[in-house]
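[1] what shape does this take:
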Amino acid sequence: MILKPLMKSRYIHQLEALDRRVSEHHPQKTRIENKLKNKLTGFRGEQALTFPLNLLPEPDYAIIHNPRLEDSNGNCFEIDVLLLTKYYILLLESKNWYGTLLFDEDKQVIRIGDTGIEEGLPNPVPQVKLQRYRLKKWLSQYNLPQIPILYFVVISFPSTIIKPMYQHRPIPEEVIHSNLLYHHIQRLNNQYKTPVVDKKGMNSLGEFIVQKHTEPDINVLKKFGVEKSELIRGVFCPSCESGPMTLNLGIWHCSLCNHYSKNAHLAALADHKLLIGDKITNREARDFLMVKSPDKTKRLLTRGDYRFIGNRSRRTYIL
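    Below you'll find the model as predicted:
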């Protein structure tokens, strides 16, 4: 049973919007692109886990993707996948790494790619061990059942070669390929046969974890040093992604590919919400959508069925 499905995080959506709205010549463009690429790589690694997880009998497992929990000190920790059973909790740390990986037990990981260049990577084993420790403390914080907490580091590509850096230092047994995840879970099931909670308790614990999940509140403009005035304004074409589109008789038109759209402005307003904020006035909408007429802009905002506060010139729409 999937209690929290895998979806792109709000931060990824923010990065995608920022990448769309920042010029190729902006000094932060490369940094934005690299961060987005890194986040999307991680997301694809988590997607690789969905197939083996779907093989598990649904009533016996509660699956929570990307829970982000706040501890008693106000600090947050995030887990790629948390899998609940009546017998144990399993943490999955996904890595979308390719090439050859050299593990020095809990120390460094070196990746050798197609070019043969060595790249040092943070070892995910200490990372997931820390997550296990923090989750154990978090469960105690709410007087929740102390279920055994296990973990795997899952390498997405079955073709990725995993080797020990030194022959006398073995690869941690918790580091596995994604295509072996189902079999390793079955092995755990053979080891852990004494239930700590019943099925109702398992589901209640999972629902409580989902309830306590918090999305990070990130000001991406501030984080990447981008001024609001530097954002590319206008409505982008949903067909060819160029812009700005022009509005005529309530219909958006792309002069490049001749595409017409009635609701293309909704995506632009979604970018505004992700990058600037979820409140917008008619004047601000005119500026961002590049529409001169206040009446036309009002009709666009009304078409979006946005809730609003205030009246007339002081009206603010909630995106």
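
[2] where in the stretch 1-150 of the chain is pLDDT low?
    106 (pLDDT under 70).

[3] and if we set it to 90?
    For the stretch 1-150 of the chain, the stretches with pLDDT under 90 are 1, 41-42, 45, 48, 58-59, 72-74, 96-123, 145-146.

[4] and the helices in it?
    10-21, 29-47, 50-54, 124-141 (DSSP state H, counting those that start in this stretch).

[5] closest one to Asn66 among those?
    helix 29-47 (7.5 Å; C-beta to C-beta). For glycine as for every other residue, the C-beta is placed from the backbone atoms N, C-alpha and C.

[6] buried set for the closest one?
    By 16 or more other C-beta atoms under 10 Å, the buried positions in helix 29-47 come out as Lys29, Ile32, Lys35, Leu36, Lys39, Gly42, Phe43, Gly45, Glu46.

[7] what about Asn189, how many residues nearby?
    14 (other C-beta atoms under 10 Å).

[8] in three-state terms, label it for me.
    Following DSSP: H, G, I helix; E, B strand; the rest coil, Asn189 is assigned to helix.

[9] how far away is it from Ile149?
    When distance is defined by C-beta to C-beta, to the nearest Å, Asn189 is 16 Å away from Ile149.

[10] my read: Pro52 touches His184, true?
    No - the criterion here is C-beta atoms under 8 Å, and Pro52 misses it with His184 at 9.3 Å.

[11] end-to-end on stretch 60-67?
    Its first and final residues considered, stretch 60-67 spans 19 Å by C-alpha to C-alpha, to the nearest Å.

[12] name the residues that touch it?
    1-7, 9, 46, 53, 56, 78-86, 202-203, 205-206, 209-210, 212-213 (C-beta atoms under 8 Å, 6 or more residues apart in numbering).

[13] buried residues in that stretch?
    Tyr61, Ala62, Ile63, Ile64, His65, Asn66, Pro67.

[14] so which two of these are the farthest from each other?
    Tyr61 and Asn66 (16.6 Å).

[15] helix, strand, or coil at Val291?
    Under three-state DSSP, Val291 comes out as coil.

[16] element containing the nearest residue to it once chain neighbours are set aside, please.
    Setting aside the residues directly before and after it, Val291 is nearest to Thr297 in space (C-beta to C-beta, 6 or more residues apart in numbering), at 5.1 Å. Here Thr297 sits within helix 294-303, counting by DSSP states H and E.

[17] tell me which residues are up against that helix.
    Against helix 294-303 from outside (C-beta under 8 Å, 6+ apart): 247, 250, 263, 265, 280, 282-283, 285-286, 289, 291, 308, 317.

[18] dump those residues to JSON lines, plus secondary structure, neighbour count and distance to Gln141.
    Output for those, formatted as JSON lines (DSSP: H, G, I helix; E, B strand; the rest coil; neighbours: other C-beta atoms under 10 Å; distance: C-beta to C-beta, whole Å):
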{"residue": "Leu247", "secondary structure": "strand", "neighbour count": "21", "distance to Gln141": "53"}
{"residue": "Gly250", "secondary structure": "coil", "neighbour count": "10", "distance to Gln141": "54"}
{"residue": "Asn263", "secondary structure": "coil", "neighbour count": "13", "distance to Gln141": "45"}
{"residue": "His265", "secondary structure": "helix", "neighbour count": "24", "distance to Gln141": "45"}
{"residue": "Ile280", "secondary structure": "strand", "neighbour count": "24", "distance to Gln141": "39"}
{"residue": "Asn282", "secondary structure": "helix", "neighbour count": "21", "distance to Gln141": "46"}
{"residue": "Arg283", "secondary structure": "helix", "neighbour count": "11", "distance to Gln141": "47"}
{"residue": "Ala285", "secondary structure": "helix", "neighbour count": "23", "distance to Gln141": "44"}
{"residue": "Arg286", "secondary structure": "helix", "neighbour count": "18", "distance to Gln141": "49"}
{"residue": "Leu289", "secondary structure": "helix", "neighbour count": "24", "distance to Gln141": "46"}
{"residue": "Val291", "secondary structure": "coil", "neighbour count": "21", "distance to Gln141": "50"}
{"residue": "Phe308", "secondary structure": "strand", "neighbour count": "15", "distance to Gln141": "40"}
{"residue": "Tyr317", "secondary structure": "strand", "neighbour count": "21", "distance to Gln141": "40"}
